[in-house]
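Enquirer: based on what follows, work out the 3D shape:
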Amino acid sequence: AIIDNVYTGRGSTPEQVVGALERLADEHAGTTLLLMVNAEHEVEMVQAYRERLTSRFVVPMATDDALRRAADKEVLEDVCADLGIATPETVAVAMDDVRAGRDLPLDLTYPVVLKPAVSAEHLLMGFPGKKKVYTADDRAGAQAVLQMLAEHGFSGTVLVQQLIPGDDTQGRTVTCYRDRSGRVTLMASGQLLLGLHAPTMIGNSAAILTEPQPDLEDQASAILEALDFTGFANFDVKVDPRDGRAQFLDLNPRIGRPNYYANVAGVNPAQAVVEDHLEDGGPARLGRDVGLYSYVPWPVLRRYLSDPALRRRVTAVRRRRGLVHPLAYSADRNRRRLAYRWASAGTLTRDFARHYPRPTAIGF
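Expert: Numbering: from 1, shown residues only. Sure thing, here's the model as predicted:
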């Protein structure tokens, strides 16, 4: 109810989507329009059409060069190595080498995770057995995954990365906004409690404890500075239970699907981007409120918290603040019943859109 949707149809090309955006800008001539995207292929679309889009919209994204480097997981590994930040043992495999039958550099510690170095192309592909992230228990399994990707036409580079053990609760997340002057003006972090486990959703969060991770925030800031990256960024991190060391897995050059956890932590992503591009800048804000962001009901979340100490800590937070569901927003009255049709929905503690105009979403 709070968003006007504009549908461009199944299979719409980037040109058609950009055309719809331009018509939307014409309809709102004289109004400052902020263009936000939140998927890899949409980031690539903005890069390809940046000149046309920036003539009509404020586009709060990094330069094309910074975006390319940030989206490339090989680059992240090199930057982290220079900064002394831990990353899992990783090798890069080119699809051309797989198709040519060349010897592949797969001498790693198994099991491993396999994922595209740049995920936009893979995201738009469809084939049997497709997953967001693949796993293999041995060299033969890794070769089988690579062969499958090659046979279905994937043309990029695949990273083969040592799998860090441990369940979902070993995961950490950091969300940042770095403004045009190079200051990090928004920072939030937390511990993953439960992930989404559908094959194409692996790596996305279902529940997060917004408990600050200051050491990881400092490392995330250093990475953004090294890349000269501006705009929103989200980092995936996993703590190795064998030695307690945090390993940086991914940098997503966008705000990330579960970004409302930042609001639960006490900071507003919308405020950061508006102050940077539409006002005279704003102060640095740190999310330090401890709370629970969750798509799933409390009985489901509690069931999967196998560590008794963590379960007690999360239970205490829930008693104090409840669970915050990102769709349980009272102003969105036409969807209110849907948002609350789950057990223990909790109370929404913060209205993130109260002071901002009604947004429009372009969907395809």
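Enquirer: residue contacts, the residue positioned nearest the centre of the chain?
Expert: Nearest to the mean C-alpha position of the chain, by CA atoms, centre = their mean, lies residue 256 at 2.9 Å. Residue 256 is in contact with 38, 173, 175, 232, 234, counting by CB atoms under 8 Å, 6 or more residues apart in numbering. All C-beta atoms are positioned from the backbone trio N, CA, C, and that covers glycine.
Enquirer: residue 62 against residue 229, yeah?
Expert: Yes - contact criterion CB atoms under 8 Å: residue 62 and residue 229 qualify, at 5.0 Å.
Enquirer: overlap in contacts of those two?
Expert: 70, 253.
Enquirer: got any ranges where this protein has weak pLDDT?
Expert: By pLDDT under 70, the weakly predicted segments of the chain are 120, 200, 333-364.
Enquirer: could you pull out the strands in the stretch 151-300 of the chain for me?
Expert: 157-162, 171-178, 184-195, 205-209, 231-239, 246-252, 285-286, 292-294 (DSSP state E, counting those that start in this stretch).
Enquirer: on contacts alone, who are the packing partners of the second one?
Expert: Packing partners of strand 171-178 (3 or more CB pairs under 8 Å, 6 or more residues apart in numbering; DSSP states H and E): strand 184-195, strand 205-209, helix 214-227, strand 231-239, helix 261-264, helix 269-277.
Enquirer: tabulate the ones you listed (CSV), appending mean neighbour count and distance to residue 2.
Expert: Below are the helices and strands packed on strand 171-178 laid out as CSV (neighbours: other CB atoms under 10 Å; distance: least, CB to CB, whole Å):
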stretch, mean neighbour count, distance to residue 2
strand 184-195, 24, 22
strand 205-209, 24, 23
helix 214-227, 18, 31
strand 231-239, 23, 21
helix 261-264, 28, 15
helix 269-277, 21, 13
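Enquirer: nearest to residue 28, of the ones you listed?
Expert: When the helices and strands packed on strand 171-178 are compared by CB to CB, helix 269-277 sits nearest residue 28, at 16.5 Å.
Enquirer: report all helices and strands that the helix or strand residue 320 falls within contacts.
Expert: Counting by DSSP states H and E, the element that carries residue 320 is helix 308-321. The contact analysis (3+ CB pairs under 8 Å, 6+ apart) places helix 308-321 against strand 205-209, strand 292-294, helix 298-303.
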